[in-house]
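In: One predicted model, sequence on top.
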Amino acid sequence: MKRIVILISGRGSNMQVLLETKLDAQIVAVISNNPSARGLQFARSAGVETKLVNHRDYADRTSFDKALGDAIAAYSPDLIVLAGFMRILTEQFIKRFSGRILNIHPSLLPAFSGLDTHRRALDEGVKLHGCTVHFVTPALDHGPIVIQAAVPVLPDDDEERLAARVLQQEHVVYPQAIRWFLEGRLAIEGNHVRLSAAWRNPVPIISPLPK
Ligand code: GRF
């Protein structure tokens, strides 16, 4: 059975969905850099081993990433899932686990990489926003894209309403991307991910859609 390690820094709703989803893999550990990450409690109550590697205990990024990498490697994972993990990872760390790290980002990349994606989407007046699951490479938020979900931005949206609409889709696409990974259906070719699966209903998404 394939082994997954999940990294979180906070709420952990994506982690929670993954723990509640039937996957052909074992989630062997949830690791956090933040002792007060809310998700840790849920993971423990679900019987999953948790581990803290607090970035504040390390002098610099390199030594933190070495300790984090060693903690992860101890579980021999096939896949590392970043689920709201709020630390920028060094190139050494990413190379150590190359092709085995997935991240979810709350925007339609490459638009709105970085932080405050929902506020920035509202400020720009985009009509479609969404989320992206991608492989992690040293270029922040720019790794090969596995899957995206788009949602409409509605006229009376605020950050909270828009974030909630996006999060709902995060909880759909992340398990899907991970299933594909576990089934060996994702091939990374340069900056592209090729999916060996039939496409269903490739319909355009238009927003706003006049009546
Ligand atoms: C999500 O919006 C995810 O896209 C981003 O951080 C947030 C984490 O939420 N990377 P949660 O901790 O999974 O609830």
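Out: It's in.
In: next one: phi and psi at the closest residue to residue 31 other than its chain neighbours?
Out: Excluding its sequence neighbours, the residue lying closest to residue 31 (C-beta to C-beta, 6 or more residues apart in numbering) is residue 51, at 4.7 Å. (Glycine included, C-beta is placed from N, CA and C.) Backbone torsions of residue 51, given as degrees, to the nearest 10, read phi -150, psi 140.
In: residues contacting residue 51?
Out: Applying C-beta atoms under 8 Å, 6 or more residues apart in numbering, we find residue 51 in contact with 29-32, 71.
In: Would you quantify the distance from it to residue 63?
Out: From residue 51 across to residue 63, the span is 17 Å (C-beta to C-beta, to the nearest Å).
In: So which bits of this protein are right by the ligand?
Out: Applying C-beta under 6 Å from any ligand atom, we find that the chain lies next to the ligand at 8, 10-15, 83-84, 104-106, 131, 167, 170.
In: So the residue nearest the centre of the chain: helix, strand or coil?
Out: Note on the chain: the residue nearest the mean C-alpha position is residue 104, at 2.4 Å, using C-alpha atoms, centre = their mean. Following DSSP: H, G, I helix; E, B strand; the rest coil, we place residue 104 in the strand state.
In: so what's it up against?
Out: 14, 82-84, 131-133, 170, 173-174.
In: hmm, try it at 6 Å
Out: 133, 170, 174 (C-beta atoms under 6 Å, 6 or more residues apart in numbering).
In: And for residue 16?
Out: If a contact means C-beta under 6 Å, 6+ apart, then residue 16 has residue 42 as its contacts.
In: and it, what element?
Out: For residue 16, the host element (DSSP states H and E) is helix 13-20.
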